[in-house]
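Asks: Pasting the sequence and the predicted model now:
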Amino acid sequence: MKKKTLTLSEALKKGENLLRESKVPNARLDAFSLLSFTTQITRTNYYLEPNKELTLAEEHAYWKRIKQRAKRIPLQHITGEQEFMGYTFKVNDKVLIPRQDTEVLVEEALSVLTGSEKILDMCTGSGCIIISLYKLLEEKGLKPEGSFTAVDISKEALKVARENAKRLEAKVTFIESNLFENITDKYDMIVSNPPYIQTKEIEALEAEVKLYDPALALDGGADGLDFYRQIIRDGKKYLNKDGYLLLEIGYDEAEEVMNLLKEENYSKIYMKKDLSGLDRIVGGQLQ
Ligand code: GLN
């Protein structure tokens, strides 16, 4: 006799329960994501046929994924992808998982770009910022004629970023470099989401972030500002006149980062909040 497998709704309930016991935030949502990743079921189809049985292979794969998530492995490391600005990016534990907060940085950049600028993304990680800029300029009909360059200190991160650029057909030049060390050109815009968490705060972050996002992408030194100091000071040598510097910041860093820009004589310094109302972006222009 054929062994009975779980139905979609039984699988969802069982997965949700295990995730809840393991204190995973959003247990039901994550269980559904893993169910839909495993079976390709859409939300609508789930509600149309909740009693459809999983195949045995699906049941095994789903349960394996649920157990990984119960260990607090981020959903994105299990599925291997994260959506950002409407594009799907490959991710692994060598890059920071793209955050929705960072979309504000892309929107800010887009609000001034015309398509002909030379842009540098410092600390690119998965490449999500520079690749989205390329794609969105293209979609706006502004043929990206400028240049798109991205830097990271991590070879492994650059491997992920290069793969993303290839998959999404974005023409980006990637450079392995400790900040500006291997940079020789000048740019019209530098964008960056550098590591900005205070070293002592890392311990207090959610398990998913603390254990699975690369520490290299989080740790901004004792006061969290190490990378801003260097990018703001050295960025001046790599920006053209009137060039923009746009930085993602931690929610409590706006004043200090704006002061750093002032001290280095940037002009038109401003701050922009994210969708949750937290300070998120600081920008300025080189005079
Ligand atoms: N926004 C990330 C977090 O809160 C940190 C990213 C960064 O340090 N650039 O976990």
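Replies: Structure's in. What do you need?

Asks: Would you state the strands of the stretch 101-250 of the chain in chain order?
Replies: 118-122, 147-152, 173-176, 187-192, 239-248 (DSSP state E, counting those that start in this stretch).

Asks: In JSON lines: those strands, plus mean pLDDT.
Replies: Putting the strands of the stretch 101-250 of the chain into JSON lines (pLDDT from 0 to 100) gives the following:
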{"stretch": "strand 118-122", "mean pLDDT": "98"}
{"stretch": "strand 147-152", "mean pLDDT": "97"}
{"stretch": "strand 173-176", "mean pLDDT": "98"}
{"stretch": "strand 187-192", "mean pLDDT": "98"}
{"stretch": "strand 239-248", "mean pLDDT": "97"}
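
Asks: nearest to the ligand, of those strands?
Replies: When the strands of the stretch 101-250 of the chain are ranked by proximity to the ligand, the top entry is strand 239-248, at 6.2 Å, counting by Cβ to the nearest ligand atom. Just so you know, the C-beta spots here come from the backbone N, C-alpha and C atoms, and that holds for glycine as well.

Asks: And the pLDDT at the residue most central in space within the chain?
Replies: In the chain, the residue lying closest to the centroid (Cα atoms, centre = their mean) is Pro98, at 1.4 Å. As summarised for this prediction, Pro98 has a pLDDT of 98.

Asks: and it, backbone torsions?
Replies: Phi and psi for Pro98, reported as degrees, to the nearest 10, are phi -50, psi 130.

Asks: which bits of the chain sit near the ligand?
Replies: With Cβ under 6 Å from any ligand atom as the criterion, the chain meets the ligand at residues Leu96, Arg99, Asp101, Asn193, Pro194, Pro195, Tyr196, Ile197, Val209, Leu218.

Asks: what two of the residues you listed are the furthest from one another?
Replies: Greatest spacing in the residues of the chain next to the ligand, by Cβ to Cβ: Pro194 and Val209 (15.9 Å).

Asks: Tell me the confidence at the closest residue to Lys241 other than its chain neighbours?
Replies: In space, and not counting its chain neighbours, Lys241 is closest to Leu286: 6.4 Å by Cβ to Cβ, 6 or more residues apart in numbering. Each residue has a pLDDT score; the one for Leu286 is 95.

Asks: Spell out which residues sit in contact with Lys237, please.
Replies: Contact partners of Lys237, counting by Cβ atoms under 8 Å, 6 or more residues apart in numbering, are Phe180.

Asks: let's have the chain start at 52 instead
Replies: Got it, the first residue is 52 from now on, which makes the last one we talked about Lys288.

Asks: Distance of it relative to Ser84?
Replies: Applying Cβ to Cβ, to the nearest Å, the value for Lys288 to Ser84 is 45 Å.

Asks: Can you give me the pLDDT of Leu193?
Replies: Reading off the model, Leu193 has pLDDT 85.

Asks: okay, now the spatially closest residue to it that is not a sequence neighbour: neighbour count?
Replies: Distances taken as Cβ to Cβ, 6+ apart put Gly166 closest to Leu193, at 3.3 Å, once the chain neighbours are dropped. A total of 15 residues lie near Gly166 under the criterion other Cβ atoms under 10 Å.
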